[in-house]
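> coords please:
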Amino acid sequence: MNEARPDTVREAVKVHAANVQAAKIRDARLDFFRGASLVIIFMAHLLGNPWNNWIPARWGLSDAADTFVFCSGFASGLAFYKVFGSHGAWIGAVRVGFRVWQVYWAHVGVTLAAAALAVAVAQGWDDGRLMAAFGLTGFVNRFDQNLLALLTLQAQPGRSDILPMYLVMLAAMPAAVMLGWVWRWLPLLVCLGLYLWANSTGANFTHSTGGWFFNPLAWQLYFFVGFFIASGMIPAPPRHWALTSFAIIFCLACFLISDVGMRYLGPEARAWRQALVPPFPDFKTNLAILRVTHFFCTAYLVGIAWKSLNDHLQGAWARPVVLMGQYALAIFMVGVLLSMAGTAIAGVWRGGWPMWIVLNLGGIAGLYLTAHVARAVKRLDRQAEPLPA
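Have a look, this model is predicted:
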């Protein structure tokens, strides 16, 4: 039997080492867009922030919330779908149920923390202005009545109202997977039907003060399209010159009636927007068709560069954003509180553009520090031995 030549062995070792190294590199694309969305959401919730005039939402009709929900569905497809396939519906539902439990208490915790922060600021110096600005006045003034409402999702004050919608999406995931076992396109058709019903009739979940701001019947479309593509239940749209041309033309047309477009094009652009775009909050609550189309066109154009994008996101400039995207729930919770704290500081400081540089960059640094802490805790948890019973 012929022995392998030394140079052949060395080449094989090099190839194996390269493959191992490539496997260690985590795909940064999903984490980057989740992290970037959370940073933008923080800045958008920092009331009075002039940086908010230039975030991506001001250049089109969709915003960071759309991206975040789509990415959350995509991440859920990667995390949970294989569990359903390898362990069955029951184990898959249990795994999803545990995540629902985590997000539920995250919602309760961040709401109570936001209320406590607003009360502390009100007692300290602003006489309840921060509380009113973040929609917490009624919740705090009737706390004894609203505590039970919070636990049953009937109270959704502050900036935590995206988490109840996320809970509904997670809870519906096992049903979506099982519908896909019947026919791969059936859950997508159900999602489209629910979206069109909500968008045309205004059907919505209700709570103690009205409909949910993030209507689950509409927003589920983003979540589950991301879930279906990540899990392989449906294919991603193919590259095609006609789709690419339509996406580019549509995004350019939306720019003309965007916030930035109206600033520079004047009354004509504003008149076109009023004629085409439903007023806020319906435009966001029920996801107007133009908004959804703009988001999917933008996502399609990003998808065209999807394969080469990961290499560009491995550099040092992207690592902080990628790290924040890996711990999205913790970053969102801390971002809510940092945006409130920054708003309270701005109300006292009134320091002009230097103040906004400090508040924006300081808040982003706080989010980045949170991601480091979350990563350290996760590593310690993996290394820790179980406690004795």
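> Just the C-alphas of stretch 120-135, formatted as CSV.
In CSV, the C-alpha atoms belonging to stretch 120-135 read as follows (Å, rounded to 0.1, in the frame of the first residue of the first chain):
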residue,chain,number,x,y,z
ALA,A,120,-37.9,58.1,41.0
VAL,A,121,-37.4,60.8,38.5
ALA,A,122,-40.9,62.3,39.3
GLN,A,123,-40.0,62.4,43.0
GLY,A,124,-36.6,63.8,42.2
TRP,A,125,-37.1,66.7,39.8
ASP,A,126,-39.5,66.5,36.9
ASP,A,127,-43.0,66.2,38.6
GLY,A,128,-44.1,63.4,36.4
ARG,A,129,-43.1,64.7,32.9
LEU,A,130,-41.0,61.6,32.1
MET,A,131,-43.8,59.4,33.3
ALA,A,132,-46.3,61.1,31.0
ALA,A,133,-43.9,61.1,28.0
PHE,A,134,-43.5,57.3,28.2
GLY,A,135,-47.2,56.5,28.8
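> So for it, what gets flagged as buried?
Residues 121, 122, 126, 128, 129, 130, 131, 133, 134, 135 are the ones in stretch 120-135 that count as buried (16 or more other CB atoms under 10 Å). For glycine as for every other residue, the C-beta is placed from the backbone atoms N, C-alpha and C.
> Ok, stretch 36-56 next?
The neighbour-count check on stretch 36-56 (16+ other CB under 10 Å) flags 36-47, 49, 51-52, 55 as buried.
> And stretch 62-81, by the same measure?
Applying a neighbour-count criterion of 16+ other CB under 10 Å, one finds 62-77, 80-81 buried in stretch 62-81.
> And residue 173, how far from residue 248?
Separation of residue 173 from residue 248 (CB to CB, to the nearest Å): 33 Å.
> OK, contacts around residue 317?
Residue 317 makes no contacts at all, as judged by CB atoms under 8 Å, 6 or more residues apart in numbering.
> nope, residue 122 is what I meant
Residues counted as contacts of residue 122 (CB under 8 Å, 6+ apart) are 128, 129, 130, 131.
> Not counting its own residues, what contacts stretch 296-306?
29, 33, 60, 62, 67, 70, 225, 236-237, 239, 243-244, 246-248, 250-251, 309.
> I only care about those that end up buried; give me the PyMOL line for that.
Filtering these down to the buried ones (16+ other CB under 10 Å) takes a single PyMOL command:
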select buried, resi 29+33+60+62+67+70+225+247+250+251+309
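> among the contacts of stretch 296-306, which are in helices?
Using DSSP state H, the subset of those located in helices is 29, 33, 67, 70, 225, 243-244, 246-248, 250-251, 309.
> wait, which of those is closest to residue 346?
residue 67 (26.0 Å; CB to CB).
> Looks to me like residue 47 is in a helix.
No. Residue state for residue 47 (DSSP: H, G, I helix; E, B strand; the rest coil) corresponds to coil; a helix is not indicated.
> Quick check: phi and psi at it.
phi -60, psi 140 (degrees, to the nearest 10).
> so what secondary structure elements neighbour the host helix or strand of residue 115?
If you go by DSSP states H and E, residue 115 is part of helix 64-121. Judged by 3 or more CB pairs under 8 Å, 6 or more residues apart in numbering; DSSP states H and E, helix 64-121 is in contact with helix 29-45, helix 129-133, helix 137-141, helix 143-151, helix 162-182, helix 216-231, helix 289-304, helix 328-349.
> Looking at those helices, which is nearest to residue 256?
Using CB to CB, those put helix 289-304 closest to residue 256, at 12.0 Å.
> mean confidence for the closest one?
Helix 289-304 carries an average pLDDT of 95.
> what does stretch 109-118 give?
95.
> and if you look at stretch 320-331?
Taken as a whole, stretch 320-331 has a mean pLDDT of 96.
> For that stretch, measure first residue to last.
This stretch, stretch 320-331, spans 12 Å end to end (CA to CA, to the nearest Å).
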